[in-house]
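Chemist: Got a predicted model here, sequence first, then my questions.
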Amino acid sequence: MDTLVLSRIQFAANISFHILFPTINIALCWFLLYFRLRHSAVKGTPAAQAWEEAYYLWTKIFALTFALGVVSGITMSFQFGTNWPGYMEKAGNIAGPLLGYEVLTAFFLEATFLGIMLFGRDRVSDRVHLVATMMVAAGTTLSAFWILSLNSWMQTPAGFEIIDGKLHATSWLEVIFNPSFPYRLVHKFLASTLTAAFLIAGLSAWQILRNTANQGTHRALRCAVIAAAIAIPLQIVAGDFHGLNTLQHQPAKIAAIEGIWHTEKGAPLTLFGWPNEKERRTDYAVQVPKLASLILAHDIDAQIKGLDEFPDAHPPVAPVFWSFRVMVGMGVAMLLASWWCAWTLWRKGSLSPRQLRLLAGMTFSGWVATLAGWFVTEIGRQPFLVYGVLRTADLVADHRPGMVLSTLVAYLVVYVLLLAAYVLVLMYMSQHPAKPTPDAPQSPKAAMPIGGPA
């Protein structure tokens, strides 16, 4: 493997590890805000303690996830300079400001109010604490807004001109609200909702199975299951709109996703198969006639461009083809699991041990779907870094392959250890759900025993 391939793998490893944590926190903080609002609405009743316990546990998990997201995000941003200096040299006039807006408007907002959210529960009024939770939720949303705007611009660049080989913005509105941005934003928010919902439901189910549940566990479980049951059909609709947009702006990616090698009308949908790029066919294909045209263009006889239309400008087919099917398959599993559990909760009020084990087993299913979808998006953009404008091979740093390989191995070792530690800590927290205690320390006078100091 040469420097280009190794650098791509290294950046893929970094961003794959990083994206796990924002994908949880974008939606998790809105769950926390809901828990806090419910606590305020029923304050003074027995239910208030349950919502407080749910908020307490998941705030700690949010803080842990936030910390890992920050650390992995820093190492990822370093690689723009170490491995991809050509990207920042040519597109830095656009990428730099968008990344800066994310720090100034989102990260600082999150970091500032997160301290109040974590340590100010008994130091500030309930209203101020609620506002702090709301600000952190707004910060996570703003952060996703700017990052997805940049990523979407790299997929569907707009509002720029090229001067002396460098990209300059001519309209920041067109840069930010580029053609694919609205679809990616909605798709990502719904993906985060599903990821957080199945994490909450899975760990809550694990608590119930291990007999470590508290009053807040059942409320968190019910909230997560209902949120997932609502979000998954919305995600299917959003995915359809996203697919129509991708067909319009990135037809080579669609051809790779569906394994369509030659342009044809009434293209069949390949359910399964083995893409054979050398022979330019899909071996052992299981197909449904004309269904690809119906799904992709909403016209059973629509013409779909094949990979032969893009001889030197299409992505590797197998990774995109299989990643898409993993994403869709996990989405179907989420749909069935969430609807089954939501129906049972509505009819009986509680879940069976079999359903609890199912949810516990799907705790990290959102990660699987997110990574598969991310691979489709990013690998499907190849061979371009900025689609149709800047080729990836022209922007990589001129390092020796051995040096890139050594740092790649180091990154992978650290990330595997961090990920294992994160999962183990989550399991520990779920099995030892400490009850909320006052944040404010006792005053020296109140803590002093009768009779004064010894």
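Modeler: Arrived safely.

Chemist: use CA for all of it now, contacts and neighbours both
Modeler: Will do.

Chemist: Longest helix in the chain, please.
Modeler: helix 3-41 (DSSP state H).

Chemist: so how far is that helix off the chain centroid?
Modeler: When distances are taken as C-alpha atoms, centre = their mean, to the nearest Å, helix 3-41 is centred 5 Å away from the chain's centroid.

Chemist: any idea of the mean pLDDT in that helix?
Modeler: The average of the pLDDT scores along helix 3-41 is 91.

Chemist: which element follows that helix toward the C-terminus?
Modeler: Remark: after helix 3-41, the chain's next helix or strand is helix 46-82, criterion DSSP states H and E.

Chemist: buried set for that following helix?
Modeler: Using 16 or more other C-alpha atoms under 10 Å as the test for burial, helix 46-82 gives 47-59, 61-63, 65-66, 68-69, 72-73, 76, 80.

Chemist: and residue 161, which of the three is it?
Modeler: strand (DSSP: H, G, I helix; E, B strand; the rest coil).

Chemist: Which helix or strand lies directly C-terminal to the helix or strand harbouring residue 330?
Modeler: Residue 330 is part of helix 317-348 when elements are defined by DSSP H and E. Sequence-wise, the next helix or strand downstream of helix 317-348 (DSSP H and E) is helix 353-361.

Chemist: Tell me which other helices or strands that following helix touches.
Modeler: Other helices and strands packing on helix 353-361, by 3 or more C-alpha pairs under 8 Å, 6 or more residues apart in numbering; DSSP states H and E, are helix 181-209, helix 317-348.

Chemist: Just put these in CSV and tack on distance to residue 252.
Modeler: Below are the helices and strands packed on helix 353-361 laid out as CSV (distance: least, C-alpha to C-alpha, whole Å):
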stretch, distance to residue 252
helix 181-209, 18
helix 317-348, 10
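
Chemist: thinking again about what came up before, and the longest helix of the chain, what does it pack against?
Modeler: helix 46-82, helix 126-155, helix 181-209, helix 365-379, helix 401-431.

Chemist: Which of those has the lowest mean pLDDT?
Modeler: helix 46-82 has the lowest average pLDDT among the helices and strands packed on helix 3-41, namely a mean of 87.

Chemist: That one to helix 3-41, inter-axis angle?
Modeler: Taking axes from the mean of the first three to the mean of the last three C-alpha atoms, to 10 degrees, helix 46-82 and helix 3-41 form an angle of 160 degrees between their directions.

Chemist: any idea which helix or strand comes after helix 46-82?
Modeler: Per DSSP H and E, the helix or strand that comes after helix 46-82 is helix 85-102.

Chemist: Can I get that following helix in CSV, CA atoms only?
Modeler: Only the C-alpha atoms of helix 85-102 are listed here, as CSV (Å, rounded to 0.1, in the frame of the first residue of the first chain):
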residue,chain,number,x,y,z
PRO,A,85,-1.8,19.8,3.3
GLY,A,86,-2.9,20.1,-0.3
TYR,A,87,-6.5,20.2,0.9
MET,A,88,-6.0,23.1,3.3
GLU,A,89,-3.8,24.9,0.7
LYS,A,90,-6.4,24.8,-2.0
ALA,A,91,-9.7,24.7,-0.1
GLY,A,92,-8.6,26.2,3.2
ASN,A,93,-10.3,29.6,2.4
ILE,A,94,-13.6,27.8,2.6
ALA,A,95,-12.9,24.9,5.1
GLY,A,96,-11.1,27.1,7.6
PRO,A,97,-13.9,29.6,8.3
LEU,A,98,-16.5,26.8,8.6
LEU,A,99,-14.4,24.9,11.1
GLY,A,100,-13.8,28.2,12.9
TYR,A,101,-17.5,29.0,13.1
GLU,A,102,-18.0,25.6,14.7
